[in-house]
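Engineer: no sequence on hand, only this structure:
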């Protein structure tokens, strides 16, 4: 399922390989996209404890925008308002807050991890799956913490890859 990259100090040089080791079944091309987003986050974080929200540049992330979500945390991450949903995710994310998300759904998968990102104050990559009708949707998510104050995490940017396929049918 994935875990936050632990003990990330501002001076540490975490790598995309370390973070994305949580992805066991993702294609190489999609893994590369997640690595690019993580490396961008590292570049704007610099030597600070957190990447500043004001440095998040939509033009720098234009290739990822359609597969991204930006959440503004409320109450330490137990709740979050959806501030941006990329075009590729609009059918999957149709509510304004994570607590309004249907279970199971893409947003409920993300919502289950957002508080962990806020509490650990670290990045998180995970893969999950959930039923969608007669199919199963598999998702790979990279969650990146942002701070508008430098004191606490108040935004989480998520980059998402999904794939839907037929659910395995139980044997008689």
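Structural biologist: Thanks, I have the structure now. This one's a predicted model, so the numbers in the text were calculated from it and none came from an experiment.

Engineer: could you report the neighbour count for residue 139?
Structural biologist: Neighbourhood size, residue 139 [other C-beta atoms under 10 Å]: 22. For every residue, glycine as well, the C-beta is placed using N, CA and C.

Engineer: and it, what does it touch?
Structural biologist: Listed by C-beta atoms under 8 Å, 6 or more residues apart in numbering, the contact set of residue 139 reads 106, 109, 127-130, 160-163.

Engineer: redo that, cut-off 7 Å
Structural biologist: By C-beta atoms under 7 Å, 6 or more residues apart in numbering, the residues touching residue 139 are 106, 109, 127-129, 160-162.

Engineer: host element of it?
Structural biologist: strand 135-147 (DSSP states H and E).

Engineer: which elements pack onto the helix or strand following that strand?
Structural biologist: For strand 135-147, the following helix or strand on the C-terminal side (DSSP H and E) is strand 155-166. Strand 155-166 sits against helix 28-45, strand 68-74, helix 106-120, strand 135-147, with contacts defined as 3 or more C-beta pairs under 7 Å, 6 or more residues apart in numbering; DSSP states H and E.

Engineer: tell me how far residue 135 lies from residue 89.
Structural biologist: Distance, residue 135 to residue 89, using C-beta to C-beta, to the nearest Å: 17 Å.
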